[in-house]
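> any chance you can model this:
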Amino acid sequence: MTWTDRVAERYRELMRRRATHPFSGVCAECRHDWREHLPDQGCSECRYEIDHGEPDAPSTVCAAQAPGHTFP
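Next up, the predicted model:
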(Lines give C-alpha, C1' and ligand atoms only; values in the text may rest on other atoms or scores of the structure.)
Protein backbone atom coordinates (compact mmCIF):
# COMPACT_ATOMS: atom_id res chain seq x y z
CA MET A 1 0.00 0.00 0.00
CA THR A 2 1.53 3.28 -1.07
CA TRP A 3 1.31 6.47 0.95
CA THR A 4 -1.28 7.87 -1.46
CA ASP A 5 -3.48 4.82 -0.83
CA ARG A 6 -3.15 5.38 2.93
CA VAL A 7 -4.06 9.05 2.54
CA ALA A 8 -7.06 8.16 0.39
CA GLU A 9 -8.21 5.51 2.88
CA ARG A 10 -7.84 7.94 5.79
CA TYR A 11 -9.88 10.53 3.87
CA ARG A 12 -12.64 7.99 3.19
CA GLU A 13 -12.64 7.01 6.88
CA LEU A 14 -13.02 10.64 7.95
CA MET A 15 -15.86 11.21 5.49
CA ARG A 16 -17.68 8.12 6.78
CA ARG A 17 -17.29 9.36 10.35
CA ARG A 18 -18.64 12.80 9.43
CA ALA A 19 -21.61 11.17 7.73
CA THR A 20 -22.84 9.66 11.01
CA HIS A 21 -25.62 11.73 12.47
CA PRO A 22 -25.27 13.13 15.97
CA PHE A 23 -27.63 11.81 18.60
CA SER A 24 -30.66 13.92 19.33
CA GLY A 25 -33.53 13.56 21.73
CA VAL A 26 -34.32 14.65 25.27
CA CYS A 27 -32.79 13.87 28.64
CA ALA A 28 -34.92 11.58 30.82
CA GLU A 29 -33.93 13.51 33.95
CA CYS A 30 -34.62 17.13 32.97
CA ARG A 31 -36.50 16.74 29.65
CA HIS A 32 -34.18 19.21 27.87
CA ASP A 33 -32.62 18.51 24.50
CA TRP A 34 -29.39 16.49 24.69
CA ARG A 35 -27.66 19.17 22.62
CA GLU A 36 -27.98 21.44 25.69
CA HIS A 37 -25.87 19.02 27.78
CA LEU A 38 -22.26 20.12 27.69
CA PRO A 39 -19.73 17.42 28.64
CA ASP A 40 -18.01 19.45 31.37
CA GLN A 41 -20.82 21.75 32.59
CA GLY A 42 -24.04 19.72 32.53
CA CYS A 43 -27.30 21.00 31.07
CA SER A 44 -27.00 24.62 29.98
CA GLU A 45 -30.80 24.98 29.79
CA CYS A 46 -31.13 23.97 33.47
CA ARG A 47 -28.38 26.49 34.31
CA TYR A 48 -30.25 29.22 32.39
CA GLU A 49 -33.52 28.50 34.18
CA ILE A 50 -31.83 28.57 37.60
CA ASP A 51 -29.84 31.76 36.86
CA HIS A 52 -32.94 33.61 35.65
CA GLY A 53 -35.21 32.43 38.44
CA GLU A 54 -37.77 30.91 36.13
CA PRO A 55 -40.76 29.19 37.70
CA ASP A 56 -40.45 25.39 37.64
CA ALA A 57 -36.65 25.71 37.43
CA PRO A 58 -34.80 22.67 38.79
CA SER A 59 -32.97 22.99 42.11
CA THR A 60 -29.66 21.81 40.61
CA VAL A 61 -28.15 21.59 37.15
CA CYS A 62 -28.72 18.20 35.50
CA ALA A 63 -25.38 16.41 35.17
CA ALA A 64 -26.53 13.55 32.93
CA GLN A 65 -24.08 12.70 30.17
CA ALA A 66 -25.44 12.73 26.62
CA PRO A 67 -25.25 9.26 25.05
CA GLY A 68 -23.20 8.84 21.92
CA HIS A 69 -21.91 11.51 19.57
CA THR A 70 -23.65 14.81 20.32
CA PHE A 71 -21.40 17.53 18.96
CA PRO A 72 -20.28 17.74 15.34
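> so residue 42 is in contact with residue 65, correct?
No - shown here, residue 42 and residue 65 do not form a contact pair, counting by C-beta atoms under 8 Å, at 9.1 Å. (Glycine included, C-beta is placed from N, CA and C.)
> the more surrounded of those two?
The residue with more neighbours, out of residue 42 and residue 65, is residue 42; 18 against 10, by other C-beta atoms under 10 Å.
> which residues of this structure fall in strands?
37-38, 42-43 (DSSP state E).
> so which of those strands is the most surrounded?
Neighbour counts (mean count of other C-beta atoms under 10 Å) averaged over each of the strands of the chain peak at strand 42-43, with a mean of 22.
> and for it, what are the contacting residues?
Contacts to strand 42-43, defined as C-beta atoms under 8 Å, 6 or more residues apart in numbering, come from residues 27, 30, 32, 36-37, 61-64.
> please redo it, this time with the cut-off set to 10 Å
Applying C-beta atoms under 10 Å, 6 or more residues apart in numbering, the contact partners of strand 42-43 are 27, 29-34, 36-37, 49-50, 58, 60-66.
> which of these are buried?
Among the contacts of strand 42-43, those classed as buried by 16 or more other C-beta atoms under 10 Å are 27, 30, 32, 34, 36-37, 49, 58, 61-62, 66.
> farthest pair within these?
Greatest spacing in these, by C-beta to C-beta: 49 and 66 (18.2 Å).
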